[in-house]
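Visitor: My questions concern the predicted model and sequence given below.
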Amino acid sequence: MERAQLARLLGGHATRATRMVIAEADAVVFCAQFANAVAGTGDVFLGNPKWVETEREKFHSLLAGADFLTAAPFGQGETGWLMIPTGGTSGSQRFARHDSGTVGAAVAGFKKHFDLQQVNAVGVLPLHHVSGLMAWLRCVITGGSYRHAGWKELEAGKRPKLPPTSDGWVLSLVPTQLERLLRDSAAVEWLKGFRIILVGGGPAWPELLERAAAAKLPLSLCYGMTETAALVTALKPEEFLAGARNCGAGLPHALLGIDADGAITVAGQSLFRGYYPGWRDTGVFVTEDLGALDVNRRLTVFGRRDGAIITGGEKVNPAEIEVVLRGTGEFTDLAVVGVPHAEWGSQVVAAYPQGGEPDLGKVREALTAQLARYKHPARFIALPSWPRNEQGKLNRAEVARLVGLSL
């Protein structure tokens, strides 16, 4: 797909700006600005409307540095003109280069994987985030319907009534959003009206998935990231309801692999062109996620390889511990982090939002039954503020900082 074709589908009007920055919380305004930006010829940057002044300064410094380093005019024609924000492994501000080609490939793969002619979606996630953006663009590119719904209104019971369509409706949620909706019987009935409920953005714990299965919700566990233009694997709802609990097989536009270190690799046409202002070589992209492929090439994700905790010479995977802790049903949310320790190098700590007190006796029984002793958290700490953003992603660096202040 060419940029001009995407612009026609969006119905935008070109502006004179050689570069456009869109940092807009209102969905209607965002869509209009994005459509006009795509109809232009310059680079398009998506910004988080919740950035504070220091974050905006970092963004402008990035642009200024890029202009200083490269005398080339803004934009690179058809390639790499759409900059989507991503935290990266260090949590620093970065932008993954995409364009109508990478986005179009991702939409075509999604459509074929789920056997859809049109994608009709309710958008809950913010549009400046790749998951929210792609939920909308799938509808635009396939001629489907899109309904934006604010999460707070949705959780409060203000849920859009969806007309019947031949291809049904799609919804994207993060695990914490699914958890909250499952507490409301009316919300569960609403969720049953979807053909596909994509669940990604973080690990979903077994107890949550079993509750969703018991309610016969059409979940699709999936895996993807900003660098891949959202999901590249997805479990089909019928597979989930039949008992599968992995992230499914690769979509037609993506080829998944596992390298010698156990890291997930991705090849395919939806891969980003590089981190602005740079460019990446074409070929396989090695992620920072650990995983495995079964005989049917369905993906299981183990967690971030850069998130391992070394304690007393032993390597601990926080995701493994979190699965056990969530399975106790004693936590509404939690994170396992490592904090510096004079004797052990790092100490394993489980943090959770203040407000509900877990039965630590029950928790420790579960840990003893399922994990080696060195994997058990040495401390359990309730935090008065919980740094999970609007996309549902947890800022683990901030959790670790808050834990350190409380010790």
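Guide: Structure's in. What do you need?
Visitor: and Leu231, what does it touch?
Guide: Contacts for Leu231 were tallied using Cβ atoms under 8 Å, 6 or more residues apart in numbering; they are 106, 110, 134, 198, 200, 222-224, 251. C-beta here means a position set from N, CA and C on the backbone, and glycine is covered the same way.
Visitor: now the residues you listed in JSON lines, with secondary structure, distance to Asp99 and pLDDT?
Guide: Below are the contacts of Leu231 laid out as JSON lines (DSSP: H, G, I helix; E, B strand; the rest coil; distance: Cβ to Cβ, whole Å; pLDDT from 0 to 100):
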{"residue": "Ala106", "secondary structure": "helix", "distance to Asp99": "11", "pLDDT": "98"}
{"residue": "Phe110", "secondary structure": "helix", "distance to Asp99": "17", "pLDDT": "98"}
{"residue": "Met134", "secondary structure": "helix", "distance to Asp99": "14", "pLDDT": "98"}
{"residue": "Leu198", "secondary structure": "strand", "distance to Asp99": "23", "pLDDT": "98"}
{"residue": "Gly200", "secondary structure": "coil", "distance to Asp99": "23", "pLDDT": "89"}
{"residue": "Cys222", "secondary structure": "strand", "distance to Asp99": "23", "pLDDT": "97"}
{"residue": "Tyr223", "secondary structure": "strand", "distance to Asp99": "22", "pLDDT": "96"}
{"residue": "Gly224", "secondary structure": "strand", "distance to Asp99": "17", "pLDDT": "96"}
{"residue": "Leu251", "secondary structure": "coil", "distance to Asp99": "19", "pLDDT": "98"}
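Visitor: Is there a quick ChimeraX command that grabs whichever of these are buried?
Guide: Per 16 or more other Cβ atoms under 10 Å, the buried members of these correspond to this ChimeraX selection:
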select :106,110,134,198,200,222,223,224,251
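Visitor: Out of the contacts of Leu231, which is nearest to Met20?
Guide: Met134 (19.2 Å; Cβ to Cβ).
Visitor: Please identify which helix or strand holds Glu179.
Guide: helix 175-182 (DSSP states H and E).
Visitor: And that helix, what's buried?
Guide: Under 16+ other Cβ under 10 Å, the buried positions of helix 175-182 are 175-179, 181-182.
Visitor: so for that helix, what's the average pLDDT?
Guide: For helix 175-182, the mean per-residue pLDDT is 89.
Visitor: who touches it?
Guide: Taking Cβ under 8 Å, 6+ apart as the rule, helix 175-182 contacts 124, 151, 154-155, 173, 187-188, 191, 197, 199, 201-205, 208, 211-212, 215, 219, 332-333, 388, 392.
Visitor: got it, and stretch 46-53?
Guide: 21-25, 55-56, 59, 82-85, 126-128, 133, 390.
Visitor: Out of those residues, list just those in helices.
Guide: 55-56, 59, 133 (DSSP state H).
Visitor: Among the residues you listed, which one sits closest to Cys139?
Guide: When the ones in helices among the contacts of stretch 46-53 are compared against Cys139 (criterion: Cβ to Cβ), the nearest one is Leu133, at 11.3 Å.
Visitor: okay, now the closest one: neighbour count?
Guide: 24 (other Cβ atoms under 10 Å).
Visitor: for the stretch 1-150 of the chain, what spans make up the strands?
Guide: With strands called from DSSP state E, counting those that start in this stretch, the stretch 1-150 of the chain shows them at 19-22, 43-46, 82-86, 94-98, 121-123, 146-148.
Visitor: typo on my end, it should be the stretch 151-300 of the chain
Guide: 170-173, 196-199, 219-225, 230-234, 249-250, 254-258, 263-268, 285-293, 299-304.
Visitor: Against which helices or strands is whichever helix or strand comes after the last one packed?
Guide: I take that to be strand 299-304. Next along the chain after strand 299-304, taking DSSP H and E as the criterion, comes strand 309-311. Packed against strand 309-311 by the contact rule (3 or more Cβ pairs under 8 Å, 6 or more residues apart in numbering; DSSP states H and E) you find strand 314-316, strand 335-341, strand 345-353.
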